[in-house]
Structures are given as C-alpha cells and as structure tokens.
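Q: need a 3D model of the following:
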Amino acid sequence: MQASPFRSTLRSLCTAVLVGLPVVSWAASDAAMRDALEAARQQQWQQVDERAIEGHILNGYVEYHRLRGQLPNVSSSQIQRFIDQHADSPLSEWMRGQAIAKYGHAGRFGDLLAVADGEPAGTARQCYYYTALLDREPQQAREAGLALWRVGSSQPDACNTLFSRLRSDGTINATAIWERKMLAWQAGEERLSSYLGGLLSGQWQTARETVESVSNNSRALTSAPACLGPECAATSAFYKAAMQRYTRENTPAAFSAWQEIGPRLSLAAADRQPIEEELAFYALVRDVPGTLSWVDSVLPSLESERVLELRVRRALAERQWTEVMHWITEMPASQQERSRWQYWLARANHQLGNHDAAEARYRQAATDRSFYGFAAAERLNQPYQLNLERNHFDEASRELTAQLPAVQRTEALLRIGEEGLANSEWLHAVRNGTPQQARALADYAAHQQWHARLVQTTIAAEMWDALDWRFPPAYHDSFMHWGRLTGVDPFLLMAITRRESAYNPVALSPAGARGLMQLMPGTASQVSRQLGLNDPGPYGVLDPELNIRLGSTYLRDKIERYQGNRLAAAAAYNAGPGRVDQWLGSGVESFDLFVESIPFRETRDYVQAVLSYRVIFESLANGGNSDGVSLLSENEKAVHYDRALLVRR
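A: Okay, here's the model as predicted:
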C-alpha cells in the first residue's frame, strides 16, 4: 500500500531532525502573501509581486488561482501535476473539482476523465462526469444519470446534455418522465411539473387531468381512476405523490381517503409501504383520533425506525408498559440495542415487576456514555462508564508536528486572517492521516488552545473517547467566574456552550443566534439592559467574555423560573420558556418521562446532550473520576414535571 502524503512528510521530518538537517524556513513576507492572495482571487496578476512571495509556504494558493483562471485552456497533465504536488493539501481536491467543472462545461470530456478519480461531489460535476463516462462505461453512466434525473427539483444546466442523451437512447422513457413529474408535484415545484407534463404524449392525458383535479381539490383523490397512464404506468407514482401531499395537508382526511381507496388499488408492496409509512408517522405526530389500531396493524410491515420510535413514545405517554416492551422488541436490532431503548425496556420491566430483567437491561444501557447510559448507571448505583481514552505526547513530538507543511500552512493562513482556509488545511490533514497522526494534531491543537479546531479534529477523526480533547477546558476561568457570580452551575454553562457553538466565538446560526452561547440579538439587548450595560449590538455580543456573562445571566433567569430545575431550564434555553411552560402542563411524574414527552426532537436531543456533557465536564475536572457526580440532583430526579415547577409571578 502506498504511504500517505502525511506519513511520508512526517518520516522525512523525523529523519531531518535526527541527522541535524535544516528545516526550511519561510522568509517571504506574510503581508506580501496576503496581498498576492487577494489579487489572485480577483485574477489581477499585475498586482502580484512574484518575487516577494517566492518560496512562501502558501505559494500553492496563488498558483491554484492562476490555474483556475486559465481553465479549461490548460492541459490535463498540467492539472494533474498540480494535484500530485499538493496531495497533502485541500488544494488538490479543489483543483480537481474546478477542472471537472470547467472541462465539462467546455465539452473536453477526455481531459475531464484524465483528472477525475471517481464520482465527484456536487450535482453539476456529477452530470459532467457521467456525460463523459457515457461512451466509456455506458451502463454505469446510465444508472447514475437516471438517479440524477429522479429528483423533484430542477437540476443544473450541466445536466442538460446527459439528460438529452439518456432520453435519446430510451434510458429516460415516458415512465421516468412521469415519475419525475410526480416528485416535482409532491415537492410543490409546479413549473417543473408542468414542463415535464408537456414532454408526455396524449396517452398520458387522463393522468395529467387527474393530477390537475387533485391539485385543485385533494378530496377528488377518492374518485381518481385506479389505473392511470399506458398500461397503468402512472398509477403508483401518482398515488404515492398524491397521498403524501394529502397526508401533510390534512392527515385525518388523508387517512379516511386511504381507508376507502387503499383496498381497491393494485399497488406493489414496495409502492404501498411509503404511503402507509408517511400516513402512520403523521397520524402519530398529530395524534389523529381513531387511527391507532390501524397504525398498529401496519407498523410491523413498515420497517420504519421513526414510526416505531413514535409508537413507543405514545405508549410511554400513556404509561402502557406492556406496549412499551412490545414495540421496542419490534425494532430492528440496531435500533433496539441503543442505550435509550434498553433503558426503557428496563423501566418497563421494572414497572411490571420483572426486576431481574430490568437489571439486565439497565446494565446493558449503562455501558454507554450518554444521557440514558448515565441514568441507567444511577438506577444501578454504579459508576458511569466514561470510557475515557488517554493520550500522551511530549514536546519533541509537538516540535515534529509543528514542522509538518500542513501545520505550517495552517498557521500561516491564520497569520494572514484566512480562518476558513486554515480550517480546511487542518481538517484535510486530520482526515488523511493515520489515527496516531490525527491524535498528534489534536494534541498540537490543544496546546495551541485552538478550542473550536480541536473539537472539529475529534469529530473529523472520530475520536469519540478522547474526552479531554472533545471537551477541553475552554474559557474555563470565565465560566467559573460568571457561574459563581450568577449562581449557575459552571459545568452546565460549559455544557451548553459546547453544545451551542463547540467553542466557536463567532458562530452564527441560521436563526441569527451569535457567539459562544448562541444569544439572539434581542436576548443580548434585553439582558444587557437588565445588567445596566449598553446594547452590545450584533458584533459586540461576539466578545467571549461578554457573551458568557450575558448567557450566564439569561440561564440564571431560566433556572429561577423553574425553581432551580436545570433540566427545564436547559429545555427553555433551546426551545424558549413559553414552550416549556406548555409542556409542563401535561403533568409528568418523572424526569425521564418528561424528556421523552418533549415533542421537538431537537430539544429532546439538546437536553440529553447538555446534561450528559455536564457530567463529562465535571468528571474531567475531577481528573476523569465521576465519583460524586450526578446527572441531576435528587430533587430534579424526584420532582413532578408539572406547572407546580413554575415560580408564581
């Protein structure tokens, strides 16, 4: 097997150090490189001072933009030389992607295949790639092209040639056109659906008219023909799309319609299954009266993890412990064996008096480092299974890591303000290194206090047990300080920050939340006024110290709202106190049932993650020892999760 670029570079550096050879130093000015890179992006080559950046470790970035600007009028051999030269950098894959796009657009398919190394990322590049492959590997190209065709949205213009050729050779036939029309209709892409309908012959007229009728009035579905299109070729795709639309629009009416039309339709099991899976899912989500017995009758045939989960949660909500056990055991083994479901099997067995079975299930759940694993361990009165991996690196190994070109490029990019490119360089090295090399990089990131990059390193290399790196003591003094002043558990603050931003101080969510603790601008403004501070504005809130201060105060207010209950406060931090107040109206008698009763998956997962992260942070602060650490306080575990938890105002 060929050695990785990372390994070869590390071996060379080790040799250099051992024999006393000099390691290259980069004498060119970072300022000149910053200016050159900006000019290169704009293709303003007269502004690039070639002599000033000669020999700079980031010179490949300037050359990348030079070649990119010359494509497609560059030979594939020249592109391949660049790819080979920069194999240890993301520049290689970026150049490959650029070449595929530019060669494909120019119709230079031989050059495209010369630089491609398999299916590229991105729909447009895939379309170019399979167009190029049609003459060389026709069967593979046709199958891939058909998969690219079968989507309910418009595809890039890059796909036009591929689709045209597949229509000409019959791969995309009238049935495939109809199937895509139904996907577009189902997705609400009316223009695409109409365009595709225009490609069909008069034999499909009744099918098109039926779609029009049901579009205007979903109830017309019950009177739609049982056979549509030539030899009923339109039937299955129509009913799958129509039922999905109807189910999401009006689940009770869709259920009634399916009860009427389902028995008379000659649909294959593979076509019937997605209709009934979607209907069962929404019937449970929306708690549609009169549907539960039907859901139970079809559920074993649906092979649906999400519907089985909902069915178990329904049984838990109704405290039907026999049903809980039944539906968990109907789950596929990969789902059933998760600590969450082993915990609930244990709870159900315990409620039914099967104490030996309950203990066995708790023991299985307790092997997992998770919310339910920790809850199971507490039920058994045994220590948590942290499965903590320890790694040891010395200064000599760090010095070698520091000399790696990928590390030097990362640091040079950081010096010139290219944070995004630095992260790409770093993570490329992590993903392409061996597990030991990735750990050396993680150790280096930890010593540089690159907290956010360190967390991303553990994710990219799947170092799930390297808890010291996954949960580093980032901003430790600030959390301890503001935790003490606000009276908030500092480990809870750390856990929320780790979940919210993974220590990225400039994190910005799609909803507009900002900074380490992901504060909405309105929340930051409100809490600032409460503290007698000036409104920090959208950029001031990114200051780590201020963000932690405001977030700590906001969380303190939520904890006080729920009489010190951190579980309810964490849920409110994610979903808002109004929703949590509403959920408490259901009156749940235990913390675990309350967590399962949270209707939003995002908030359920959030609460579980935050509470388990809090355990990990406190245990790491104790040197990895979880003695005396608990998931929740005794009161938080014993209290009823109902409106009495709310402070009277």
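
Q: please count neighbours and contacts with C-alpha atoms only from this point.
A: Will do.

Q: I'd guessed residue 566 sits against residue 557; true?
A: No - taking contacts as CA atoms under 8 Å, residue 566 lies outside contact range of residue 557: 11.1 Å.

Q: settle it for me: which of these two has more neighbours?
A: Neighbour count, other CA atoms under 10 Å: between residue 566 and residue 557, residue 566 has more, with 23 against 17.

Q: leaving out the residues flanking it, which one is nearest to the more buried one?
A: Of all residues not flanking residue 566 in the chain, residue 559 sits nearest, at 6.0 Å (CA to CA, 6 or more residues apart in numbering).

Q: over to residue 172?
A: Nearest non-adjacent residue to residue 172, counting by CA to CA, 6+ apart: residue 166, 5.5 Å away.

Q: same thing with residue 561?
A: Distances taken as CA to CA, 6+ apart put residue 647 closest to residue 561, at 5.5 Å, once the chain neighbours are dropped.

Q: report the secondary structure state of the one you found.
A: Here residue 647 is recorded as coil under DSSP: H, G, I helix; E, B strand; the rest coil.

Q: please shift the residue numbers so they start at 185 in all later answers.
A: Sure thing, new numbering starts at 185, so read that last one as residue 831.

Q: tell me the spacing between it and residue 406.
A: Distance of residue 831 to residue 406, given as CA to CA, to the nearest Å: 52 Å.

Q: looking at the two, which is more packed in?
A: Neighbour count, other CA under 10 Å: between residue 831 and residue 406, residue 406 has more, with 17 against 11.

Q: residue 444 is in contact with the more buried one, correct?
A: Yes - checked against CA under 8 Å, the pair residue 406 and residue 444 is within contact range at 7.1 Å.

Q: quick one on the thing from earlier: after the helix or strand harbouring the residue nearest to residue 356, which helix or strand is next?
A: Element membership for residue 350 (DSSP states H and E) is helix 344-352. Counting by DSSP H and E, the element after helix 344-352 in chain order, helix or strand, is helix 358-370.

Q: please, which helix or strand holds residue 561?
A: Per DSSP H and E: helix 555-564 holds residue 561.

Q: ditto for residue 303
A: Taking DSSP H and E as the definition, one finds residue 303 inside no helix or strand.

Q: how about it, what does it touch?
A: The contact partners of residue 303, by CA atoms under 8 Å, 6 or more residues apart in numbering, come to 310, 313.

Q: next: residue 513.
A: residue 520.

Q: tell me the confidence at it?
A: With respect to pLDDT, residue 513 scores 97.

Q: phi and psi next, for it.
A: phi -70, psi -10 (degrees, to the nearest 10).

Q: so residue 689 sits in a helix?
A: No - secondary structure of residue 689 (three-state DSSP): coil, not part of a helix.

Q: ok, now how distant is it from residue 722?
A: Distance of residue 689 to residue 722, given as CA to CA: 13 Å.

Q: just to revisit the earlier point, ok, the residue nearest to residue 745 - contacts?
A: Here residue 831 is in contact with 744-747 (CA under 8 Å, 6+ apart).

Q: distance-wise, check residue 260 relative to residue 252.
A: Residue 260 is 12 Å from residue 252, by CA to CA.

Q: how deep is residue 360 tucked in, by neighbour count?
A: For residue 360, using other CA under 10 Å, the count is 19.

Q: now it: closest residue in space that isn't a chain neighbour?
A: Residue nearest to residue 360 in three dimensions, not counting chain neighbours: residue 334, with 7.5 Å by CA to CA, 6+ apart.

Q: what comes up buried for stretch 332-340?
A: 332-337 (16 or more other CA atoms under 10 Å).

Q: again, but for stretch 724-742
A: With burial defined by 16+ other CA under 10 Å, the residues of stretch 724-742 counted as buried are 724-726, 728-742.

Q: narrow these to those in helices?
A: Among the buried residues of stretch 724-742, the members falling in helices (DSSP state H) are 724, 728-742.

Q: any idea which element residue 553 lies in?
A: In the assignment (DSSP H and E), residue 553 maps to no helix and no strand.

Q: residue 569 is in contact with that one, correct?
A: Yes - with contact defined as CA under 8 Å, residue 553 reaches residue 569; the gap is 6.0 Å.

Q: more neighbours: which of these two?
A: Applying other CA under 10 Å to residue 553 and residue 569 shows that residue 553 carries more neighbours, namely 22 against 15.

Q: give the contact list for that one.
A: Shown in contact with residue 553 (CA under 8 Å, 6+ apart): 568-571, 796.

Q: kindly report the same for residue 725.
A: 698-699, 703, 705, 708, 731.

Q: just to revisit the earlier point, the next helix or strand after the helix holding residue 561 - contacts with which helices or strands?
A: Per DSSP H and E, helix 555-564 leads on to helix 579-586 as the next helix or strand towards the C-terminus. Using 3 or more CA pairs under 8 Å, 6 or more residues apart in numbering; DSSP states H and E as the contact test, the elements touching helix 579-586 are helix 189-203, helix 619-631.

Q: lowest average confidence across these, which one?
A: helix 189-203 (a mean of 42).

Q: roughly how far is the longest helix seen in the chain from the heart of the chain?
A: Using DSSP H, we find that the single longest helix of the chain is helix 785-805. The chain centroid and the centroid of helix 785-805 are separated by 18 Å under CA atoms, centre = their mean, to the nearest Å.

Q: and it, what's buried?
A: Across helix 785-805, burial judged by 16+ other CA under 10 Å covers 787-788, 790-804.

Q: do the same with stretch 343-355
A: 343, 346-347, 349-351.

Q: follow-up on the earlier one: so the longest helix of the chain versus helix 555-564, what angle?
A: Here helix 785-805 points in a direction 60 degrees away from that of helix 555-564 (axes from the mean of the first three to the mean of the last three CA atoms, to 10 degrees).

Q: many thanks, I have nothing further to ask.
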